[in-house]
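Asks: Whatever this is, show me its structure:
(one chain, ligands or ions: 2)
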Amino acid sequence: MNILGIETSCDETAVGVVEDGTGLRSSVVASQSELHARFGGVVPEIASRAHLELVNPTIAQALIEAGLELSDIGAVAACSGPGLAGSLLVGVSAAKAVALCQGIPYVGVNHLEGHLYAAFLEEPDLNPPLAFLLVSGGHTMIVTMEGHGRYRVLGQTIDDAAGEAFDKVAKLLGLGFPGGPAVERIARTGDARAIAFPTANMSDGAPDFSFSGIKTAVSLHVRRTGPLGPQQVADVAASFQATAVKMLVRKTVRAALRLGIHRLVLTGGVAANTALREGLEAECRERAWVLHVPSRRLCTDNAAMIAAAGHDRLEAGELAPLNLNAVPDLALA
Ligand code: KG4
Ligand code: ZN
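Replies: Numbering: from 1, shown residues only. Ligands and ions are numbered 1, 2, ... in the order given. Sure, this is the predicted structure:
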């Protein structure tokens, strides 16, 4: 069965088609980042209006790329939270309209569950139990999947998300928006050992993360040092990135050791970061653990992951009523 996935939780209008749960037929992402760049962050009102304009053409494009007609679609899955209320409503309403017109089932999918399911699009044989490091613009968590649909959040950030920290540091360094890719780009020419930024909450073994301390440390450093030259900007970016990666990798390895789960997945927008991918890969290789990291376009927001998660929800007999609402603070578990 082909499932049409729709994702509009933040500033990407994304539509994808997945066949039988893991067969990626298409994944189209219309990014709005240019619309938000001059504001230095996502403006919710602008995002929801742009989703309205983009959602129908993106559905059409996803069908074309999948080589399918709307009549070939067996069910629709829409991200129903967490995210921006106005943005979520556009995707949820579009999914309802398609389901109603085509007389097919419709299901709501948690955005975070979607990020976990990105793993199965390229590794359909990956089986629970799995430990996930989910790092995005709004979330940073270690999650275990004991079975499909059965999750336990082991630890999460107590303040900023990892992606948020990248975005804020990019802003402090005048690198623009979105910040993560910009920090990564400039960090390539910097010295990661130039500045010793503090690692938060590392010694007590707690599985929670904290990124507000390092963000403040970068801010103080920038203020103290005065206007930074290009090499200094690169050094700050590289030192920040190395410290953030160290925190993420150490906590994940410790959690996996404690859990006794040696099959790991790295996912979410920040998982596109090469230093993080390589850092966790090195630790897993050393221990002969299995690590799956989806390709970058499946780590960042997309709708194929929503369709993949929707497939399992539907298989479990879950159907959303047509009055299903968007839930901006929807929890994973
Ligand atoms: O999962 P995602 O696409 O959207 C959310 O659900 O939030 O993640 C977006 C976050 C942003 O904070 C962005 O700066 C960060 O992922 N990001 C990166 C990279 N690419 C995206 N952070 C570090 N390095 C990257 N290459
Ligand atoms: Zn996301």
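Asks: Name all residues that make contact with the most centrally placed residue in the chain.
Replies: Nearest to the geometric centre of the chain sits G268, at 2.7 Å (C-alpha atoms, centre = their mean). Neighbouring residues of G268 by C-beta atoms under 8 Å, 6 or more residues apart in numbering: 115, 133-136, 139, 163, 299. In this view, the C-beta of every residue, glycine as well, is placed from N, C-alpha and C.
Asks: Tell me which of the residues you listed fall in helices.
Replies: Counting by DSSP state H, those place 115, 163, 299 in helices.
Asks: tally of neighbours for the first one?
Replies: Around H115 there are 31 other residues, counting by other C-beta atoms under 10 Å.
Asks: How about the one 5 residues further on?
Replies: Counted by other C-beta under 10 Å, the residues lying close to F120 total 24.
Asks: Could I have the CA atoms of the helix or strand encompassing it written out in PDB?
Replies: Assigned by DSSP states H and E, F120 belongs to helix 111-122. Only the C-alpha atoms of helix 111-122 are listed here, as PDB (Å, rounded to 0.1, in the frame of the first residue of the first chain):
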ATOM      1  CA  HIS A 111       6.800  14.300  14.500                       C
ATOM      2  CA  LEU A 112       9.300  12.700  16.800                       C
ATOM      3  CA  GLU A 113       8.100   9.200  16.000                       C
ATOM      4  CA  GLY A 114       8.600  10.200  12.300                       C
ATOM      5  CA  HIS A 115      12.200  11.000  13.000                       C
ATOM      6  CA  LEU A 116      12.600   7.500  14.600                       C
ATOM      7  CA  TYR A 117      11.000   5.900  11.600                       C
ATOM      8  CA  ALA A 118      13.400   7.600   9.200                       C
ATOM      9  CA  ALA A 119      15.700   4.800  10.200                       C
ATOM     10  CA  PHE A 120      13.600   2.000   8.600                       C
ATOM     11  CA  LEU A 121      13.400   3.700   5.200                       C
ATOM     12  CA  GLU A 122      17.000   2.600   4.400                       C
END
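Asks: Pull the residues that contact it.
Replies: 5, 7, 9, 18, 21-22, 24, 79, 81-83, 126, 130, 132, 134, 136, 139, 141, 143, 145, 151, 265, 267-268, 292, 294-295, 298-299, 302, 304-306, 308-309, 312, 330, 332.
Asks: buried ones in stretch 70-89?
Replies: Neighbour-count burial for stretch 70-89, with 16 or more other C-beta atoms under 10 Å as criterion, is recorded at 73-89.
Asks: Show me how far the longest helix that the chain contains is from its chain's centre.
Replies: Criterion DSSP H: the longest helix present in the chain is helix 230-259. Offset of helix 230-259 from its chain centre (C-alpha atoms, centre = their mean, to the nearest Å): 18 Å.
Asks: Just list what it packs against, helices and strands only.
Replies: In terms of contacts (3 or more C-beta pairs under 8 Å, 6 or more residues apart in numbering; DSSP states H and E), helix 230-259 is packed against strand 130-135, strand 140-147, strand 150-156, helix 162-172, helix 179-187, helix 212-225, helix 274-287.
Asks: Which stretch among the ones you listed is buried most, on average?
Replies: strand 130-135 (a mean of 26; mean count of other C-beta atoms under 10 Å).
Asks: where does the stretch 101-250 of the chain have low pLDDT?
Replies: 201-204 (pLDDT under 70).
Asks: residues from it in reach of ligand 2?
Replies: Counting by C-beta under 5 Å from the ion, the positions of the stretch 101-250 of the chain adjacent to ligand 2 are S136.
Asks: For ligand 2, what is the nearest residue in the stretch 101-250 of the chain?
Replies: Residue nearest to ligand 2 within the stretch 101-250 of the chain: S136 (4.2 Å; C-beta to the ion).
Asks: That residue against E164, yeah?
Replies: No - contact criterion C-beta atoms under 8 Å: S136 and E164 do not qualify, at 9.0 Å.
Asks: Residue numbers of the stretch 51-200 of the chain in contact with ligand 1?
Replies: Counting by C-beta under 6 Å from any ligand atom, the stretch 51-200 of the chain comes close to ligand 1 at 136-138, 163, 166-167, 178-181, 184.
Asks: 8 Å instead?
Replies: 83, 111, 115, 135-139, 161-164, 166-167, 170, 178-181, 183-184 (C-beta under 8 Å from any ligand atom).
Asks: Could you check how far the nearest residue in space to P44 that is not next to it in sequence is from L322?
Replies: Nearest residue to P44, sequence neighbours excluded (C-beta to C-beta, 6 or more residues apart in numbering): L84, at 4.8 Å. To L322, L84 is 22 Å away according to C-beta to C-beta, to the nearest Å.
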